[in-house]
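>>> The sequence and its predicted three-dimensional model are supplied below.
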Amino acid sequence: MSVDSVTNETKPKMDAVVEDFKRKLTNVRTGRATVGLLDAVMVDYYGTLTPLNQMASIAVPEPAMLTVQPWDATQMAAVEKAITAANLGMNPSNDGKIIRLTVPALNEERRKQFAKQIHEIAEEHRVAVRNVRHASNDSLKKMLKDKEISEDDERGGLDDVQKLTNTFIARIDELAKNKEVEIMSV
């Protein structure tokens with residue numbers, strides 16, 4: 001194993017953390033309807049918890065409205081119950097064929113709660129990036145101890161890993177800042 005192989009393994013792991021962060025950000029409400037708002041909703045489908053998006057078609061007909069149409073009409077009540085239980089701040093209205101969800105406008109207090117939530121999610125992902133750095137640094141230190149690389153190679157590898165860490169943490173900070181601006185300006 002070489003220093004390059006350690007840094008080459010580090011980048012995709014950190015990329016995965018940033019991608020997960022992007023996915024989590026789509027679930028934070030901004031006052032606009034998005035299909036991602038319902039990603040966390042799990043429906044009790046004949047005793048099995050099933051993601052809503054695997055048992056219904058979800059659409060955004062208007063900027064502040066979502067529609068949910070279960071493929072199995074007998075599950076309408078279960079879907080409605082699951083949406084209510086998910087505590088998304090939306091009240092489902094059911095006409096027997098389709099469930100409509102109006103996304104309420106955000107008040108200042110809710111905006112601040114969402115901004116705080118974004119900070120918490122961002123911090124979790126910064127820690128995950130640092131954990132990847134820690135694992136990579138441990139690999140480099142072990143390689144030095146096993147005399148597979150020189151001290152200079154180790155120092156260079158540690159610097160490369162730190163540069164990657166700084167880049168990915170900056171990317172997380174930028175995404176969090178953009179999402180916060182989006183929430184506060186809606």
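Arrived safely, thanks for sending.
>>> doesn't W71 make contact with S57?
Yes. With contact defined as C-beta atoms under 8 Å, S57 and W71 form a contacting pair (7.2 Å). In short, each C-beta sits where N, CA and C put it, glycine included.
>>> okay, the two: which has more neighbours?
Ranked by neighbour count (other C-beta atoms under 10 Å), S57 and W71 place S57 first, with 12 against 9.
>>> OK, contacts around that one?
Contacts for S57 (C-beta atoms under 8 Å, 6 or more residues apart in numbering) come out as 68-69, 71.
>>> Inside strands: which ones of the residues you listed?
Of the positions in the contacts of S57, 68-69 sit in strands, assigned by DSSP state E.
>>> any chance of the contacts of S57 in JSON lines, with pLDDT and distance to N27 too?
What follows is these, written out as JSON lines (pLDDT from 0 to 100; distance: C-beta to C-beta, whole Å):
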{"residue": "V68", "pLDDT": "89", "distance to N27": "16"}
{"residue": "Q69", "pLDDT": "90", "distance to N27": "21"}
{"residue": "W71", "pLDDT": "89", "distance to N27": "23"}
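>>> Closest one of the contacts of S57 to V28?
V68 (19.6 Å; C-beta to C-beta).
>>> dump the residue contacts of the nearest residue to the closest one once chain neighbours are set aside.
If the residues on either side of it in the chain are set aside, V68 comes closest to I99, at 4.3 Å by C-beta to C-beta, 6 or more residues apart in numbering. When contacts are counted by C-beta under 8 Å, 6+ apart, I99 touches 67-70, 76, 79-80, 83, 92-93.
>>> what pairs with I99 across the strands?
According to DSSP bridges, the partner residues bridging I99 are V68, N94.
>>> can you tell me the helix or strand for Q162?
Secondary structure from DSSP states H and E places Q162 in helix 151-185.
>>> tell me which residues in that helix are buried?
By neighbour count on 16 or more other C-beta atoms under 10 Å, the buried set for helix 151-185 is 153-154, 157-158, 160-161, 164-165, 168-169, 171-172, 175-176, 179-180, 182-183.
>>> which helices and strands does that helix pack with?
helix 3-26, helix 108-145 (3 or more C-beta pairs under 8 Å, 6 or more residues apart in numbering; DSSP states H and E).
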